[in-house]
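Enquirer: only geometry, no sequence info:
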Ligand SMILES: C[S@@+](CC[C@H](N)C(=O)[O-])C[C@H]1O[C@@H](n2cnc3c(N)ncnc32)[C@H](O)[C@@H]1O
């Protein structure tokens, strides 16, 4: 992309770098025209969206190779390494591939289930058995492994059903004998113990049902544009807002460790996308919600084996059906348009792939691209740096061309559509939220689990896992002295007050920098670089002691409570103080005595 940027003629670069939002249709069509006549652009497009260079697709040979490595570690008793290689193989195995007359993916799930069983990860083992059964309901080994895992968990009734089914489906006499022995053992245990069912999910569901009890109003402020308030007083620690994202994307460095849909840490039994090799999910549920190109048919349980009695057919049907989630008609599967094994979703920066998700969702909801991708969000295109303007133009053209080539030939990149996308990209820069999750670094806690009483705060670390657009959440303005705090549980945004907020006051989160943690100049610089605005919050407009203290040391005269500032900082603060004293709006309580400060 840098190479392409470097050969754009200077006159086109200049008009783009000096453009305002009103010039966009013309600057976009000029750049598009130039791109279409430039061989390097077509070469880049071929690499990003062409099927012959696709590296993100499934790969049977590589999957078989990883499977062999997994088998070799299993035989040696190194079950953790076996699990690792089976997971790698699952990511690459084509969903309908056959290996030794069996479905390769189902075989890999059963092999991984066996490793999990050996590692005493019984709940995960059960989940892998279910995945194998959904793909191949007549797979005797999957029922057998499910049976022994259920027996070990004390789910005796389920174990008996599983093993009976396995015994009927098992073709070899020695295999049948093996299953019979296991079944007898389970029956004996059943006689001695009462049965209890361990839930197969096995992962605690976070309590995210709390709903805010107040309505937020949009108000227009003179210095910050739109903002949010309420008509009631808000006590400290009150939930003021919750919201699901319009679109969301995982950051590249967390692709192998966090679920690409719900952003939770991945369990050991990861679920890969059935149709390409990039996304991995924590569960079947998340994988189905994110969506791939592949649509699975639900197998009919009574088509499996004629001699299976009715009560076992019912058991099979239950196993197959509990594995699927219900999606409502309006649900947008955000990975679907990216799932062709082509390279662009893996290679382009996350905010550009996020723009693609927004674009496709807008089309999904409105069934047309035109005039629909304009979200009602602030953008600062006019204040954007010249380099960013050029970059937004190039990425908008590249993204639309990739979508046209790999997803929908009906998409016609033209000046107007590209201009909308440029604005959307600059809206993402200004409005997207960094999705931060807390990670326990306590080595005794397995991923996705928490210790009784929760890990101590000293072992918690903030991880920026993804980026998301929340349509209402993006109306919260920034303050370096915020009164509300935003946090995330899975995909849901929660906003909670951090102090008492009187009715009518604007609710403001911190976009990052805060008084007391960052010095004034650094805060302003950061906000300017990341969001292209000059901060007008109270913490920046009024003088506050902690800004001074961060850059100061105590006066040598013990009787003086003042502080000494480095000369540059002192001049800067003096200027601010003079501006403040001449401003009629300054609250007297905020004015500091000059002799005290300097
Ligand atoms: C996420 S949006 C917030 C909603 C926005 N005010 C609107 O009208 O849609 C971020 C933009 O709001 C404005 N903004 C937010 N906080 C601000 C602040 N403390 N000082 C100045 N402008 C601010 C800036 O234009 C910034 O780019």
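Expert: Alright, I've got the coordinates. Small disclaimer: the values here were computed from a predicted structure and weren't measured. Residues are numbered from 1 along each chain as shown.
Enquirer: Skip the chain neighbours and tell me the closest residue to residue 490.
Expert: residue 262 (4.5 Å; Cβ to Cβ, 6 or more residues apart in numbering). All C-beta atoms are positioned from the backbone trio N, CA, C, and that covers glycine.
Enquirer: List the buried residues of the strand or helix carrying residue 11.
Expert: Using DSSP states H and E, residue 11 sits within helix 10-17. Going by neighbour count (16 or more other Cβ atoms under 10 Å), the buried part of helix 10-17 is 12, 13, 16, 17.
Enquirer: Is it possible to get TSV of the residues you listed that adds distance to residue 120 and pLDDT?
Expert: Shown next, in TSV, are the buried residues of helix 10-17 (distance: Cβ to Cβ, whole Å; pLDDT from 0 to 100):
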residue	distance to residue 120	pLDDT
12	63	96
13	61	96
16	60	97
17	61	96
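Enquirer: between the residues you listed, which is nearest the ligand?
Expert: Nearest to the ligand among the buried residues of helix 10-17: residue 17, at 20.2 Å, using Cβ to the nearest ligand atom.
Enquirer: Go ahead and confirm that closest one touches residue 386.
Expert: Yes - under the criterion of Cβ atoms under 8 Å, residue 17 makes contact with residue 386 at 3.4 Å.
Enquirer: and the gap between the residue nearest to residue 504 when sequence neighbours are not counted and the ligand?
Expert: Counting by Cβ to Cβ, 6+ apart, residue 504 lies nearest to residue 229, which is 5.6 Å off, once chain neighbours are set aside. Using Cβ to the nearest ligand atom, to the nearest Å, residue 229 is found at 13 Å from the ligand.
Enquirer: Helices of the stretch 401-550 of the chain, start to end?
Expert: In the stretch 401-550 of the chain, the helices defined using DSSP state H, counting those that start in this stretch lie at 415-431, 520-531, 538-541, 545-550.
Enquirer: Just list what the longest strand anywhere in the chain packs against, helices and strands only.
Expert: Secondary structure of the chain per DSSP state E: the longest strand is strand 460-469. Judged by 3 or more Cβ pairs under 8 Å, 6 or more residues apart in numbering; DSSP states H and E, the packing partners of strand 460-469 are strand 247-250, helix 350-366, helix 415-431, strand 433-440.
Enquirer: residues from the protein in reach of the ligand?
Expert: 223-227, 378, 380, 430-431, 474-475, 477-479, 531, 533, 535-537 (Cβ under 6 Å from any ligand atom).
Enquirer: coming back round to it: each with direction, which strands does the longest strand of the chain pair with?
Expert: Partners of strand 460-469 in the sheet, by DSSP bridges, are strand 247-250 (antiparallel), strand 433-440 (antiparallel).
Enquirer: sorry, back to before: most tightly surrounded among the helices and strands packed on strand 460-469?
Expert: strand 247-250 (a mean of 25; mean count of other Cβ atoms under 10 Å).
Enquirer: can you list contacts of that one?
Expert: 258, 260, 263, 334, 350-351, 353-354, 357-358, 361, 435, 465-469, 491 (Cβ atoms under 8 Å, 6 or more residues apart in numbering).
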